[in-house]
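**Student:** 3D model of this:
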Amino acid sequence: MKIKTLTDYPDQEALARQLEELVETAFTEGVSWNYQAFISDFHSQFARYFLLEEDGNIIGLVNGHQLFDEFELFLLAIHPDFRKKGLATCLFQSMEDQLQRQKVQQILLEVRASNQRALKLYEQFSFERYHIRKNYYEQPVEDAWLLRKRVKEQTHG
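**Tutor:** Just a heads-up that it's a prediction; the model follows:
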């Protein structure tokens with residue numbers, strides 16, 4: 001398995017199709033990311049993608065936007081056939097290591113209050129809840145929990 005970034009994929013249309021398929025498979029409750037959303041996001045100067053690939057297939061994704069010393073995480077997805085193997089942790093750690101090198105101080109995200117699987121995972125990654133957006137999501141109407149993680153500086157020595 002290899003961890004890659006956007007620059008490793010010159011065919012962005014093919015990449016967007018693979019990512020759309022991954023998120024449709026990974027998020028059975030639906031997600032607003034589709035082919036067009038990915039294509040559009042690829043052109044953002046703030047977009048960062050960390051992709052886990054096996055045998056030419058993308059099986060994991062973390063994406064978000066980096067603005068100065070903050071990174072807002074949008075998606076963390078692992079194909080269901082590859083879950084419970086520590087791959088989300090591996091992918092997240094690789095992303096965090098890269099963000100540390102870029103002097104990112106904190107990672108932010110939002111998650112549905114009912115998404116216990118995601119909340120448990122982010123808790124394992126040392127995220128803390130710092131705010132609730134009441135009735136933020138629709139279909140169904142639900143609160144969003146805002147989480148953050150302070151990125152530790154690398155120590156040398």
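
**Student:** so how far is E142 from I78?
**Tutor:** Distance from I78 to E142, counting by Cβ to Cβ, to the nearest Å: 23 Å. Just so you know, the C-beta spots here come from the backbone N, C-alpha and C atoms, and that holds for glycine as well.

**Student:** would you list every one of the helices in the chain?
**Tutor:** Remark: helices assigned in the chain by DSSP state H are 12-26, 35-42, 87-101, 116-124.

**Student:** Flag every buried residue along the shortest one.
**Tutor:** Neighbour-count burial for helix 35-42, counted by 16 or more other Cβ atoms under 10 Å, picks out 37-39, 41-42.

**Student:** Remind me what that helix packs against, helices and strands.
**Tutor:** The contact analysis (3 or more Cβ pairs under 8 Å, 6 or more residues apart in numbering; DSSP states H and E) places helix 35-42 against helix 12-26.

**Student:** What is the helix it packs on packed up against?
**Tutor:** By 3+ Cβ pairs under 8 Å, 6+ apart, helix 12-26 packs against helix 35-42, strand 57-67, strand 70-78.

**Student:** what's the closest of the buried residues of helix 35-42 to Q100?
**Tutor:** D41 (22.8 Å; Cβ to Cβ).

**Student:** so the closest one sits right up against Y35, yeah?
**Tutor:** No: using Cβ atoms under 8 Å, D41 makes no contact with Y35, being 10.9 Å away.

**Student:** thinking again about what came up before, could you dump the helices and strands packed on helix 12-26 to CSV with distance to F50 and mean pLDDT?
**Tutor:** Listed next are those as CSV, based on distance: least, Cβ to Cβ, whole Å; pLDDT from 0 to 100:
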stretch, distance to F50, mean pLDDT
helix 35-42, 14, 97
strand 57-67, 4, 96
strand 70-78, 9, 96
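
**Student:** Looking at these, which is nearest to F27?
**Tutor:** Closest approach to F27 among those is made by strand 70-78 (6.8 Å; Cβ to Cβ).
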